[in-house]
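> No sequence on hand, only this structure:
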C-alpha cells in the first residue's frame, strides 16, 4: 500500500504526536507503518479549504505508474485541511484509479473532522483492511441464500449494509455486540441500569448502560487512534 500525503508530511505517521508509550523507557521501539511507500503530493490549501497551490497531477501520475510497476496497487490519499475541501483528494483518487490502482481510500470520505494525524491514520488502516474484508464478505455473501440480506455489526453497536460498511468501523464490533446484547437482556428483565462484564478468549470488556448507550468519537485500538464512532467500552 502507498500513502499519498501533502508534501512535507511524509513522516507524519512515523513521528505521530510524540506521545511516549512508556514514559520511563530509554529505548522506544515504534511499530513500522502499515504503508510500503510514501508519495509527497505537491500542492497546498489553507485552513479554510482555499487552494493556495494546485496539486500537480502529472507528478502523481508518474509516481503512480512507478508504484504499479513495483506491485503496489492500493493507495490511501490524505491531504492537509481536506476536511474543509476534499476536491484535491478526489482528483488524485480518480487519477489513481484511471492509472490502474485497484483500491483507493481518501481520508475525507471516512471522516470530516479536524486533526490531520488521526484522519490520516484512520484512512490508512481502512485501506489496509479493505482488501481482506472485501474478500471475506464476498465469501460470506456467496454462501447465503439469494434472498438473504447481509448486515455487518459496527463498533457503534449498529448494523450496516455491505455497501455502507467500512472496515475501520468494525474493529470493536465484537465487544459492541456484547454491550447491545447485555442491554437487550436487561431491558427484557425490566432493568434500566446495567454493568456488563463480557469475558472471552482474547479480552475482557466492561461497559455501562443506564437507559441509553454511551459513545466515543475517537477509538484507540492497540497504539492506533482512529476517528470513528464507537460504544464506550473499557477493554
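Right, received. Where do you want to start? Source: prediction; values computed, not measured.
> And the nearest residue to residue 47 once chain neighbours are set aside, how close does it get to residue 88?
Ranked by Cβ to Cβ, 6 or more residues apart in numbering and with sequence neighbours excluded, the top spatial neighbour of residue 47 is residue 81, at 5.6 Å. The way it works is simple: take the backbone N, C-alpha and C, and place the C-beta from them, glycine included. Applying Cβ to Cβ, to the nearest Å, one obtains 10 Å for the distance of residue 81 from residue 88.
> of the two, who's got more company?
Applying other Cβ atoms under 10 Å to residue 81 and residue 88 shows that residue 88 carries more neighbours, namely 25 against 20.
> correct me, but the more buried one touches residue 49?
No: using Cβ atoms under 8 Å, residue 88 makes no contact with residue 49, being 9.6 Å away.
> Need the residues touching each of residue 81 and residue 88.
By the contact definition Cβ atoms under 8 Å, 6 or more residues apart in numbering, residue 81 and residue 88 are jointly contacted by residue 45.
> Doesn't the residue nearest to residue 47 lie inside a helix?
No: secondary structure of residue 81 (DSSP: H, G, I helix; E, B strand; the rest coil): coil, not part of a helix.
> what helix or strand is residue 90 on?
Secondary structure from DSSP states H and E places residue 90 in helix 87-99.
> What residues sit buried inside that helix?
Buried residues in helix 87-99, counted by 16 or more other Cβ atoms under 10 Å: 88, 89, 90, 91, 92, 93, 95, 96, 99.
> could you dump these to JSON lines with distance to residue 148 and pLDDT?
Formatted as JSON lines, the buried residues of helix 87-99 follow (distance: Cβ to Cβ, whole Å; pLDDT from 0 to 100):
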{"residue": "88", "distance to residue 148": "40", "pLDDT": "95"}
{"residue": "89", "distance to residue 148": "35", "pLDDT": "95"}
{"residue": "90", "distance to residue 148": "34", "pLDDT": "95"}
{"residue": "91", "distance to residue 148": "38", "pLDDT": "95"}
{"residue": "92", "distance to residue 148": "37", "pLDDT": "96"}
{"residue": "93", "distance to residue 148": "32", "pLDDT": "96"}
{"residue": "95", "distance to residue 148": "38", "pLDDT": "96"}
{"residue": "96", "distance to residue 148": "34", "pLDDT": "97"}
{"residue": "99", "distance to residue 148": "37", "pLDDT": "95"}
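> Put together JSON lines for those, with distance to residue 34 on each row.
JSON lines is the format used below for the buried residues of helix 87-99 (distance: Cβ to Cβ, whole Å):
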{"residue": "88", "distance to residue 34": "23"}
{"residue": "89", "distance to residue 34": "19"}
{"residue": "90", "distance to residue 34": "22"}
{"residue": "91", "distance to residue 34": "24"}
{"residue": "92", "distance to residue 34": "19"}
{"residue": "93", "distance to residue 34": "18"}
{"residue": "95", "distance to residue 34": "22"}
{"residue": "96", "distance to residue 34": "18"}
{"residue": "99", "distance to residue 34": "22"}
